[in-house]
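J.: Provided below are the primary sequence and the corresponding predicted coordinates.
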Amino acid sequence: MLHNDIPATDQLAVALESIRNSRVPGAVRKHKKLSRIGEQVTLNQAEELAAISSFLASLPQNVIPLSVNPSVAIDPQLVLDFDTRSARAAEEVQHMVVDVWQRNPVFLYSKLYSPASREIKSILAKMNIRPSPTIIDVDIRDDAKVLEPIICRLTSSEELPVLLVGGNHVGSVETIRSLEKDGGLRKLILASGAVIGPKKKFHGH
């Protein structure tokens, strides 16, 4: 996550290092041990964010139950597609974390009816990113009331949009604007494994 009280150059260096570490096989597994059979696997915040993002990106019809309390960690069984009580559950969690950000290196939680979200979408669209950014318009979803506070809790954000690059929260809209202008956003996206093509040209009619 980028912080406003740290110089932009230092923020970028920290974010780049986080992305590199997240892409190194085994780098996120060092603190994990195999779960005991019958013991529910627990998720830290980064793993919870990855699990929810993977769950939502895998099928459009997947929703977070409205009975979920967004202020506490979600039940892993609701968002993981494997036995969360198996002896290898913790290891499978780590595979899931790597996989979701490899498949979705640029992930935007946005609002359809939000000027700030439209601005971030425009910035991303002009960059011609491959694979295309995964965009979830939270405000038009059936689970909006629980999903938005969950994402804000997991990224320490006050509101949407929330842009994730390589699984890392880029920062506020102001931070994204600044990084886009100085080339930092491009560096973050390339470090995540995504490809940036020639800038799209928009022709008037």
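T.: Now that the structure is in, tell me what you want to look at.

J.: And the residue nearest to Ile135 when sequence neighbours are not counted, its phi and psi?
T.: Leaving aside its sequence neighbours, Ile135 sits nearest to Leu108 (C-beta to C-beta, 6 or more residues apart in numbering; 4.7 Å). (Each C-beta comes from the backbone N, C-alpha and C, glycine too.) Dihedral pair for Leu108: phi -120, psi 120, per degrees, to the nearest 10.

J.: thinking Leu108 is in contact with Ile123, fair?
T.: No: at 10.1 Å, Leu108 does not count as touching Ile123 under the criterion of C-beta atoms under 8 Å.

J.: ok, now which ones touch the closest residue to Phe82 other than its chain neighbours?
T.: With sequence-adjacent residues excluded and distances taken as C-beta to C-beta, 6+ apart, Phe82 is closest to Glu92, at 5.1 Å. Neighbouring residues of Glu92 by C-beta atoms under 8 Å, 6 or more residues apart in numbering: Leu80, Phe82, Ser86.

J.: What about those, which one has the most neighbours?
T.: Using other C-beta atoms under 10 Å as the neighbour test, the contacts of Glu92 are led by Leu80, with 21 neighbours.

J.: quick one: that one and Met96 touch, right?
T.: Yes: using C-beta under 8 Å, Leu80 is in contact with Met96, at 7.0 Å.

J.: list the residues that contact both of the two?
T.: Contact with both Leu80 and Met96 is made by residues Ala51, according to C-beta under 8 Å, 6+ apart.

J.: And for Ala57, the neighbour number?
T.: Neighbour number of Ala57 under other C-beta under 10 Å is 15.

J.: Is it correct that it is in contact with Gln102?
T.: No: with contact taken as C-beta under 8 Å, Ala57 and Gln102 are classed as non-touching, separated by 11.9 Å.

J.: so how far is stretch 122-137 off the chain centroid?
T.: 13 Å (C-alpha atoms, centre = their mean, to the nearest Å).

J.: Kindly format the C-alpha coordinates of that stretch as PDB.
T.: Extracted C-alpha coordinates of stretch 122-137, given in PDB (Å, rounded to 0.1, in the frame of the first residue of the first chain):
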ATOM      1  CA  SER A 122      -9.800   6.000 -18.500                       C
ATOM      2  CA  ILE A 123      -6.200   6.000 -17.300                       C
ATOM      3  CA  LEU A 124      -6.100   2.200 -17.600                       C
ATOM      4  CA  ALA A 125      -7.900   2.100 -20.900                       C
ATOM      5  CA  LYS A 126      -5.300   4.400 -22.500                       C
ATOM      6  CA  MET A 127      -2.500   2.200 -21.400                       C
ATOM      7  CA  ASN A 128      -3.800  -0.800 -23.500                       C
ATOM      8  CA  ILE A 129      -2.900  -3.300 -20.800                       C
ATOM      9  CA  ARG A 130      -2.800  -7.100 -21.400                       C
ATOM     10  CA  PRO A 131      -4.400  -9.100 -19.900                       C
ATOM     11  CA  SER A 132      -7.100  -6.500 -19.700                       C
ATOM     12  CA  PRO A 133      -7.800  -5.000 -16.200                       C
ATOM     13  CA  THR A 134     -10.300  -6.900 -14.200                       C
ATOM     14  CA  ILE A 135     -13.000  -4.300 -13.200                       C
ATOM     15  CA  ILE A 136     -15.800  -4.900 -10.700                       C
ATOM     16  CA  ASP A 137     -18.400  -2.200 -10.400                       C
END
